[in-house]
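1. Everything below, folded, please.
(one chain, ligands or ions: 1)
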Amino acid sequence: MLFLVRMDVLLPLDMPSSVADDIKAREKAYAQDLQRSGKWVHLYRVVGEYANYSIFDVESNDELHGLLSSLPLFPYMKIMVTPLAKHPSSIV
Ligand SMILES: O=C(O)CC1=CCC(=O)O1
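-> Got it, this is the predicted structure:
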């Protein structure tokens with residue numbers, strides 16, 4: 001099952017930079033592990049925003065929820081999920 005996910009990162013302005021840097025480092029490691037597993041298929045920065053658009057390929061809504069809610073940045077992100085279906089004109 002494919003999902004388009006937008007994540008907007010909203011770190012508190014008063015969060016110490018050392019804490020933010022640690023969360024971001026753990027987020028990067030987790031995201032790269034999921035990319036290597038094939039579940040996090042694409043990860044793009046939104047130009048000019050602290051946000052990304054991602055494509056996930058997972059078995060279920062519950063699996064996606066588990067992956068997203070385990071992100072170290074999860075408490076500091078607004079996440080929007082769009083389920084994707086095959087377009088009838090798509091050739092892939
Ligand atoms: O910077 C972001 O968009 C949030 C994020 C998701 C995976 C990652 O490494 O950072």
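2. can you list the residues of this structure near the ligand?
-> Met7, Val9, Glu27, Lys28, Ala31, Asn52, Leu73 (Cβ under 6 Å from any ligand atom). Any C-beta I mention is one placed from the backbone N, CA and C, and that applies to glycine too.
3. helix, strand or coil for the nearest residue to the last one once chain neighbours are set aside?
-> With Cβ to Cβ, 6 or more residues apart in numbering as the measure, Glu27 is the residue that lies nearest to Leu73, at 4.8 Å, once sequence neighbours are left out. Look at Glu27: counting by DSSP: H, G, I helix; E, B strand; the rest coil, its state is helix.
4. Surely Glu27 is in contact with Pro75?
-> No. With contact defined as Cβ atoms under 8 Å, Glu27 does not reach Pro75; the gap is 11.4 Å.
5. Show me what the helix or strand hosting Lys24 is in contact with.
-> If you go by DSSP states H and E, Lys24 is part of helix 17-37. Residues outside helix 17-37 that contact it (Cβ atoms under 8 Å, 6 or more residues apart in numbering) are Leu11, Trp40, Val41, Leu43, Leu67, Ser70, Leu71, Pro72, Leu73, Tyr76.
6. OK, contacts around the second one?
-> To tie it back to what came earlier, the one meant is Trp40. Contacts of Trp40 by Cβ under 8 Å, 6+ apart are Ala31, Leu34, Ser54, Ile55, Phe56, Leu67.
7. redo that, cut-off 6 Å
-> Counting by Cβ atoms under 6 Å, 6 or more residues apart in numbering, Trp40 touches Leu34, Phe56.
8. again with the fourth one
-> The contact partners of Leu43, by Cβ under 6 Å, 6+ apart, come to Asn52, Ser54.
9. who touches the closest residue to Asn52 other than its chain neighbours in this structure?
-> What sits nearest to Asn52 in space, not counting adjacent residues and going by Cβ to Cβ, 6+ apart, is Met7, at 5.3 Å. Met7 sits next to Asn52, Met77, Ile79 when contact means Cβ under 6 Å, 6+ apart.
10. Now the buried members of those.
-> Asn52, Met77 (16 or more other Cβ atoms under 10 Å).
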